[in-house]
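K.L.:
sequence and computational prediction follow.
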Amino acid sequence: MSKKFLFAIVAAAGCLLLFAGVPPTSNAAPFYQGKTIDIVVGFSAGGGYDLAARTVGRHLGDHIPGHPNVIVENRAGAGGLITANYIAFQAKPDGLTIGVSDGGAYVLYRVLGDPSITFDSTKLGWLGTPAPATPVCAIMGFTGFKTLKDILTSKKEINVGATRAGSTPADLPKILNWALGTKFKVITGFGGTSKIRLAMQSHEVSGACWTWESMRTTGRAMLNAKGGDQMIPFVIARRWKDPEVKDIPLISDVIKDPEKLAGYKAWAAKYNFDHPFNVPPGVPKDRLETLQQAFKATIQDPKFLADAKKSKLEIDYVSPQDIHNEIDNINSLSPKLIKELQFLMPTKKKG
């Protein structure tokens, strides 16, 4: 083989490697130049979903070729389902609309047979999520309760605020009623956790469950309050070092019945990709990949991380593939567990 021919082969191989290394986003600049991306949040302003969306939104455009503007709007209603349906059925699949809603819950409830969940989550374009989530429950100081033991020994029914069935505020109290024998009465219809907090402060409800990632930030003033105005966490899904929750019981430790523990874990699996960002079905592959890469780059951006730290957002990136894996796990729930968890369905009156 001549040196000239060998050189030609090496040069050609080098070109192939060079072009193979060019990300699919390289052709995205002409499309996104001068455009605006709309991040639609399924819950009201001031809650955890809103905080995550706005923090990501401040930096996402910096990582998309063409540097489009990014705006955030809230379409609260039906526990985020209005936004989820909008993304699944109405939003244009052009890569300019991103949804942020309770994605894992919709997967679970479709498996359980909820007729209001009509879209297939496997068809959505998943960008990722900033971090998994940690369910937690809290009670107001004016109730006189401080611990899970206080609540378990109480003979009184305790009102807790919620959005809709299929959300953390509605479901976790029902899980605790079923697995531990608590006496929570779930009051639904609130537009988001910000509305629930107001109801707690006005004594309309006595407590609530949502995620610690959100509660520790959006509910900080209530956690720091004293006496009857204080919000007191009493049970949590994962151990944190924060002083408010570092010594309270873990949900998985206090559920002793193996079958009910398995049911709780099946329900809790959706929190491994809480606060997910997605786009409508049918977004062109190159634009989807552009947004996926931009989302990951945003989550790893030191400027974003500093912003998230300032907002007290915990960041632990969950990839699109990880989300698809979790969706597959939920979709493969056993018939026995599906039957066990039917009490969570909106048409059921238990709990």
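P.N.:
Perfect, I can see it now.
K.L.:
just for the stretch 1-150 of the chain, where's the confidence low?
P.N.:
Across the stretch 1-150 of the chain, residues meeting the criterion (pLDDT under 70) sit at 1-29.
K.L.:
now do the helices in it.
P.N.:
3-20, 29-32, 48-60, 81-85, 103-112, 148-153 (DSSP state H, counting those that start in this stretch).
K.L.:
the nearest residue to Phe304 once chain neighbours are set aside: how many residues sit nearby?
P.N.:
In space, and not counting its chain neighbours, Phe304 is closest to His59: 4.3 Å by CB to CB, 6 or more residues apart in numbering. C-beta coordinates here come from the backbone N, C-alpha and C atoms, glycine included. A count of nearby residues for His59, using other CB atoms under 10 Å, gives 19.
K.L.:
for Asp286, same thing?
P.N.:
16.
K.L.:
also Thr83?
P.N.:
Per other CB under 10 Å, the neighbour tally for Thr83 reads 25.
K.L.:
from what I see, it and Val40 are in contact.
P.N.:
Yes - using CB atoms under 8 Å, Thr83 is in contact with Val40, at 5.3 Å.
K.L.:
what's the overlap in contacts for these two?
P.N.:
Common neighbours of Thr83 and Val40, using CB atoms under 8 Å, 6 or more residues apart in numbering, are 75, 99-100.
K.L.:
just the ones of those in strands?
P.N.:
Using DSSP state E, the subset of the shared contacts of Thr83 and Val40 located in strands is 99-100.
K.L.:
list the contacts for Thr97?
P.N.:
Counting by CB under 8 Å, 6+ apart, Thr97 makes contact with 37-38, 40, 87, 91, 279-280.
K.L.:
swap in 6 Å and give it another go.
P.N.:
Applying CB atoms under 6 Å, 6 or more residues apart in numbering to Thr97 gives the contacts 38, 91.
K.L.:
equivalent analysis for the one 3 residues further on, please.
P.N.:
For Val100, the set of contacting residues under the criterion of CB under 6 Å, 6+ apart consists of 41, 49, 53, 277.
K.L.:
the last one: neighbour count?
P.N.:
What that stands for is Phe277. By other CB under 10 Å, 27 other residues sit near Phe277.
K.L.:
likewise the second one?
P.N.:
Neighbouring residues of Tyr49 were enumerated by other CB under 10 Å; the total is 26.
K.L.:
with the first one instead?
P.N.:
The local packing of Val41 (other CB under 10 Å) involves 27 other residues.
K.L.:
ok, the residue nearest to Phe304 to Val70 distance?
P.N.:
8 Å (CB to CB, to the nearest Å).
K.L.:
Asp247 now?
P.N.:
Note on Asp247: its distance to Val70, by CB to CB, is 40 Å.
K.L.:
the two: which is more packed in?
P.N.:
Taking neighbours as other CB under 10 Å, Asp247 and Val70 compare with Val70 leading, 21 against 7.
K.L.:
the more buried one touches His63, doesn't it?
P.N.:
No - using CB atoms under 6 Å, Val70 and His63 do not qualify as a contacting pair, with a distance of 10.4 Å.
K.L.:
returning to that earlier point: quick one: contacts for the residue nearest to Phe304?
P.N.:
298, 301, 304.
K.L.:
the first one belongs to a helix?
P.N.:
Yes - using DSSP: H, G, I helix; E, B strand; the rest coil, the assignment for Thr298 is a helix.
K.L.:
that one - how many residues pack around it?
P.N.:
Around Thr298 there are 26 residues (other CB under 10 Å).
K.L.:
same thing with the one 3 residues further on?
P.N.:
Applying other CB under 10 Å, we find 16 other residues in the vicinity of Asp301.
K.L.:
just the C-alphas of stretch 84-102, formatted as CSV.
P.N.:
Extracted C-alpha coordinates of stretch 84-102, given in CSV (Å, rounded to 0.1, in the frame of the first residue of the first chain):
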residue,chain,number,x,y,z
ALA,A,84,-50.5,17.6,30.4
ASN,A,85,-53.4,17.2,27.9
TYR,A,86,-52.4,20.5,26.2
ILE,A,87,-48.9,19.1,25.6
ALA,A,88,-50.1,15.7,24.5
PHE,A,89,-52.9,16.8,22.2
GLN,A,90,-52.9,20.5,21.3
ALA,A,91,-49.4,22.1,21.4
LYS,A,92,-47.7,22.2,18.0
PRO,A,93,-44.9,19.6,17.7
ASP,A,94,-42.4,22.2,16.6
GLY,A,95,-40.0,22.2,19.5
LEU,A,96,-41.2,25.6,20.8
THR,A,97,-43.4,24.3,23.6
ILE,A,98,-42.2,22.5,26.7
GLY,A,99,-44.5,21.1,29.4
VAL,A,100,-43.7,20.8,33.1
SER,A,101,-46.3,18.7,35.0
ASP,A,102,-46.8,15.7,37.2
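K.L.:
right, I'll leave it there.
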